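# attaching a predicted model along with its sequence, questions to come.
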Amino acid sequence: MLFDMENPSGFDPYEVLTALVVPRPIAWVSTISPEGVPNLAPFSFFNAICDEPPLILISISKRDDGSRKDTAENILKTGEFVVNLASEDFIEKVKTTGEDFPPDVDEFKVAGLAQAKAFKVKAPRVAGVKTWLECKLFRHEELFNYDLIFGRVVFAGAESLDYRALKPLGRLCGMFCKVVEINQEKKIPED
Ligand SMILES: Cc1cc2nc3c(=O)[nH]c(=O)nc-3n(C[C@H](O)[C@H](O)[C@H](O)COP(=O)(O)O)c2cc1C
């Protein structure tokens with residue numbers, strides 16, 4: 001299969017990209033609006049991009065009417081957010097918070113989730129999620145129809161650093177996936 005991504009015809013570049021760049025981690029981003037309304041939504045155009053300083057990048061598309069999503073709006077207004085890294089058991093709640101709710105709706109309540117206090121930012125985190133990154137807005141770029149959010153990780157919490165205990169949820173071709181290792185204990189011989 002060959003795809004001219006500059007002149008797409010008969011295929012959707014989104015489907016090609018999300019089928020080939022796999023698996024992707026999911027940033028389950030919690031924020032709070034200046035009026036005090038908590039917000040929670042998942043984003044899989046997300047990754048860590050450098051470690052000195054530790055930076056992550058999230059790409060948030062605009063809505064069909066051109067408006068900014070609540071997550072981007074809150075981050076731009078408050079300069080802070082938390083990336084919760086959900087485990088497999090949160091799959092249904094991640095899906096629920098991926099629906100489009102108006103800005104005055106608290107997705108924690110809709111999904112039946114409790115908030116926990118973050119250590120260095122005002123935005124709440126999701127209680128029970130074992131791993132999270134507390135972030136401050138480092139840079140914002142508007143690119144085409146997207147808000148690119150560069151976040152500086154100022155604090156991280158983790159029950160473990162072993163993914164086998166954390167069971168992180170990922171994104172795979174429009175579906176969810178779990179992380180499974182390919183055990184390559186044996187080193188490849190040099191010659
Ligand atoms: C697993 C998953 C991954 C998603 N990834 C993205 C993404 O990378 N970028 C994006 O703009 N929307 C993504 N969405 C859709 C947003 O979560 C959705 O538009 C949400 O309503 C935004 O909420 P907000 O307006 O409260 O920010 C994803 C949804 C799901 C379920």
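That came through, no problem.

# tell me the contacts of the closest residue to residue 165 other than its chain neighbours?
If the residues on either side of it in the chain are set aside, residue 165 comes closest to residue 159, at 7.0 Å by CB to CB, 6 or more residues apart in numbering. In this view, the C-beta of every residue, glycine as well, is placed from N, C-alpha and C. Residues in contact with residue 159, defined by CB atoms under 8 Å, 6 or more residues apart in numbering, are 130, 131, 165, 166.

# before we move on, what about residue 46?
24, 25, 26, 27, 56, 57, 58, 59, 83.

# what's the burial count for residue 28?
26 (other CB atoms under 10 Å).

# does it have beta-bridge partners, and which?
Beta bridges link residue 28 to residue 42, residue 84, judged by DSSP bridges.

# got a list of what it touches?
40, 41, 42, 83, 84, 85, 86, 90, 94, 97, 126, 129.

# what ranges do the strands span in this structure?
Using DSSP state E, the strands of the chain run over residues 24-25, 27-32, 38-43, 46-51, 54-61, 80-84, 115-116, 125-126, 131-143, 146-158, 169-172, 175-178.

# can I get the ones you listed in TSV including mean pLDDT?
Conversion of those to TSV gives the following (pLDDT from 0 to 100):
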stretch	mean pLDDT
strand 24-25	97
strand 27-32	98
strand 38-43	98
strand 46-51	98
strand 54-61	98
strand 80-84	98
strand 115-116	98
strand 125-126	98
strand 131-143	98
strand 146-158	98
strand 169-172	96
strand 175-178	95
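
# same list (the ones you listed) but as CSV, adding distance to residue 13.
Output for the strands of the chain, formatted as CSV (distance: least, CB to CB, whole Å):
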stretch, distance to residue 13
strand 24-25, 16
strand 27-32, 22
strand 38-43, 18
strand 46-51, 19
strand 54-61, 13
strand 80-84, 26
strand 115-116, 37
strand 125-126, 32
strand 131-143, 15
strand 146-158, 14
strand 169-172, 17
strand 175-178, 19
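
# need those strands in JSON lines (columns: distance to the ligand).
JSON lines is the format used below for the strands of the chain (distance: least, CB to the nearest ligand atom, whole Å):
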{"stretch": "strand 24-25", "distance to the ligand": "8"}
{"stretch": "strand 27-32", "distance to the ligand": "7"}
{"stretch": "strand 38-43", "distance to the ligand": "3"}
{"stretch": "strand 46-51", "distance to the ligand": "6"}
{"stretch": "strand 54-61", "distance to the ligand": "4"}
{"stretch": "strand 80-84", "distance to the ligand": "10"}
{"stretch": "strand 115-116", "distance to the ligand": "15"}
{"stretch": "strand 125-126", "distance to the ligand": "14"}
{"stretch": "strand 131-143", "distance to the ligand": "12"}
{"stretch": "strand 146-158", "distance to the ligand": "7"}
{"stretch": "strand 169-172", "distance to the ligand": "5"}
{"stretch": "strand 175-178", "distance to the ligand": "7"}
